[in-house]
Every structure is written in C-alpha cells, then in structure tokens.
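Student: From the sequence below, what's the structure:
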Amino acid sequence: MPHSRTHLSRAIENEQFADSLNSSSSLETDWAITALFYSAVHYVDAYLVVARSKPIDHQERERMIERNGTLSGIFMPYRELKRMSRAARYDIASYGPRELAKAKRLLGEIKAVITPRL
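Tutor: Here you go, the predicted structure:
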C-alpha cells in the first residue's frame, strides 16, 4: 500500500498537470477536469492510508467518504467532480473555462477538508 506522502505527491502532480493544459481547448479542458478528479482520488487515499483504510475501487472509496465523519462533508463535491470527469471521458462533454473553474473549486473544497488532517 502506498504511503500517505506518495498519494499526496501524486495528487499535487495531477493538479499541476491539469494547470499545465490549455483551457481554451475543450479536449485539454476535459483532460484537466479528469486530472483534477484523480487529484481528488489521491487526496482521499492519502487520508485513508492515515486512517488505515484502502479502498479497492471507486465505489468502495465513495462509501468510505460517505460514512467517514471527517470525509462525509466532501461527499457531494467528490461525486460531482467524479461525474464531470466521467462525462469528459465517456460522453465527450467538451467542457469550457466555466466548468474547469467549477472543477477547481470542487477540488479546493476537498483539499480544505483533507490537507489539514494529513
């Protein structure tokens, strides 16, 4: 199982990758939103490692978020970011700057809960 710091490092790298993409291109914006979602995944996993938990898939991670008193407040932002990422990957959502700003805000809400606890 990767250490909490490893997940945190990957979360930061995904966020930096998202920031490096050209937000005027819908394809790159879609990938930026996907990278932001995976940043959220790694922030959550960094917390869960500290809590001695490791989800085996996305569904189990969502259940852990929903049932954990500390993480339950990020359940809705996490699910929305996941939904946006899925739409970008499978539904060719063609997101723009407004949606990218929303995804960044959602990730910010997740980070605000998790990072003080790492």
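
Student: and the helix or strand encompassing F37, what other elements does it pack with?
Tutor: Using DSSP states H and E, F37 sits in helix 26-50. Contacts defined by 3 or more C-beta pairs under 8 Å, 6 or more residues apart in numbering; DSSP states H and E place helix 26-50 against helix 4-20, helix 58-67, helix 75-90, helix 97-114. Backbone N, C-alpha and C define where each C-beta goes, glycine included.

Student: Show the contacting residues for the residue positioned nearest the centre of the chain.
Tutor: The residue lying closest to the centre of the chain (C-alpha atoms, centre = their mean) is A40, at 2.0 Å. Contacts for A40 (C-beta atoms under 8 Å, 6 or more residues apart in numbering) come out as 11, 78, 81-82, 106-107, 110.

Student: cool, and S4?
Tutor: Each residue near S4 by C-beta under 8 Å, 6+ apart is listed here: 46-47, 49-50, 118.

Student: Scan the residues you listed and report the most crowded one.
Tutor: Y47 (25 neighbours; other C-beta atoms under 10 Å).

Student: Find me the pLDDT at the nearest residue to that one once chain neighbours are set aside, would you?
Tutor: Closest residue to Y47 apart from its sequence neighbours, by C-beta to C-beta, 6 or more residues apart in numbering: I114 at 4.9 Å. We have a pLDDT of 96 for I114.

Student: I114: neighbour count?
Tutor: Other residues lying near I114 total 23 when counted by other C-beta under 10 Å.

Student: D45 now?
Tutor: Burial of D45 is recorded as 24 neighbouring residues (other C-beta under 10 Å).

Student: Return the residues in contact with it.
Tutor: Shown in contact with D45 (C-beta under 8 Å, 6+ apart): 2, 7, 54-55, 61.

Student: how about a cut-off of 10 Å?
Tutor: 1-2, 4, 6-8, 10-11, 53-55, 61, 64, 114 (C-beta atoms under 10 Å, 6 or more residues apart in numbering).

Student: Great, nothing more from me.
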